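**Q** Need coordinates for the below:
(one chain, ligands or ions: 1)
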Amino acid sequence: MPSREDILNAKILVVDDSPDNIELMEEILREEGYTSVSSTMLPEQVCPLHRQHNYDLILLDLQMPGLNGFQVMKGLKEIEQGGYLPVLALTAQPSFKIAALEAGARDFISKPFDLLEVHKRIHNMLEVRLLYRELAQYSRAQQELALHDPLTGLPNRRLLEDRIETTLQHASRNHHKAAIMYLDLDGFKTINDTYGHAYGDEVLKTVAQRLLACSRKEDTVARLGGDEFMVVLGEVGGLADAHGPAAKLVEAVSEPIFVNDLKLQLSTSIGISIYPDDAETVDALISIADYALYEAKRGGKNRFCATSAPAAAKVQAPAVKPELATPRG
Ligand SMILES: Nc1nc2c(ncn2[C@@H]2O[C@H](COP(=O)(O)OP(=O)(O)OP(=O)(O)O)[C@@H](O)[C@H]2O)c(=O)[nH]1
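**A** Have a look, this model is predicted:
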């Protein structure tokens, strides 16, 4: 629920063609304690101003020369795509009240002003407006949570599959290829077992940062769960173009990771599949990359491998035996 302070700090715009009315309304609002009140006598300025300032409340006179209040509301509806128009109509015409509500105003205030009514209606409208905003923020946060891994902040499997789908469509349209790199850390369980889950979590966070640092902004870096990650390269000419990035990822993960006063070391194995050479669907590309990953593990870990069929497994990098944990210094 918005606090009284939130309500008093809300952004309010007063729109009226009469300077006296504007002065009166500004005074009423100031005396009540509202801190962020501005005004305009130019109805055609309301939409540009709202786009810029995103007002919590617009006190809108309905009868003005040039653009009237109804036309202004039409413009505001295009800005407020979410559908909640923060408009409180000001009118001396009883017949305009229902028309204003039908046009999208949330409420109205009759002229001449009844002070008590003005205060109550403004307060109630702002309360609903701020609640609506809180709800929208909460719903965005929930969507974020549903598509991202809470530990590393990386896209989760659900978002990853969407991203791969989009990458494949893009590659197909532009006649180029895409690479799917499936990573599984080597010896991660030993870090958990030796130093505890919290250390393991720190290692996962650092690995996520390193994978991001090695990637271009158009690539996707995701965590599938546990110690498994995926990196998707959108524009490659073929498998050879994936070798450099894969080697960079292997090297980045093998750099020491410092957690508190411990120097930890682990490595990663990577399996690669290429669209459309190996397969054309998300599931098939992931399972071919998974098979290649298995081959990389079998070949000694700390390496990448690409293979399109079990018989053709080819390990692509020399083995470097992963060290596990050594005390710092
Ligand atoms: N700290 C932490 N550990 C996790 C999390 N999710 C899964 N794990 C652990 O990650 C480990 C993954 O196991 P494995 O991949 O078999 O372990 P590994 O030692 O890397 O095995 P190899 O891949 O053969 O080298 C398991 O011990 C899981 O309990 C997590 O969010 N945080």
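
**Q** quick one: contacts for the residue nearest to residue 70 when sequence neighbours are not counted?
**A** Nearest residue to residue 70 in three dimensions, chain neighbours excluded: residue 103, at 5.1 Å (C-beta to C-beta, 6 or more residues apart in numbering). Yep, even glycine has a C-beta here, placed from its N, CA and C like the rest. By C-beta atoms under 8 Å, 6 or more residues apart in numbering, residue 103 lies in contact with 70, 73-74.

**Q** In strands only, show me these.
**A** Among those, no member falls in strands (DSSP state E).

**Q** Tabulate the residues you listed (CSV), appending neighbour count and pLDDT.
**A** Output for the contacts of residue 103, formatted as CSV (neighbours: other C-beta atoms under 10 Å; pLDDT from 0 to 100):
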residue, neighbour count, pLDDT
70, 18, 92
73, 22, 93
74, 13, 91
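
**Q** So which residues on this protein come close to the ligand?
**A** Taking C-beta under 6 Å from any ligand atom as the measure of proximity, the chain contacts the ligand at 151, 184-190, 192, 197, 200-201, 204, 226-227, 297.

**Q** Could you say which helix or strand holds whichever residue of the stretch 101-250 of the chain sits closest to the ligand?
**A** The ligand sits closest to residue 200 of the stretch 101-250 of the chain, with a gap of 2.6 Å, by C-beta to the nearest ligand atom. In this structure, residue 200 sits in helix 197-214 according to DSSP states H and E.

**Q** mind listing what's buried in the helix or strand following that helix?
**A** Using DSSP H and E, the helix or strand that follows helix 197-214 towards the C-terminus is strand 220-225. Neighbour counts over strand 220-225 (16 or more other C-beta atoms under 10 Å) mark 220-224 as buried.

**Q** what's the helix holding residue 200 in contact with?
**A** 151-154, 183, 185, 188, 191-192, 221, 223, 227, 229, 231, 245, 248-249, 252-253, 255, 257, 259-260, 262, 264, 266, 268.

**Q** which parts of that helix are buried?
**A** Buried residues in helix 197-214 (16+ other C-beta under 10 Å): 199-200, 202-208, 210-211, 214.

**Q** ditto for stretch 95-107
**A** In stretch 95-107, counting by 16+ other C-beta under 10 Å, buried: 96-97, 99-100, 103-106.

**Q** I'm done for today, thanks for sticking with me.
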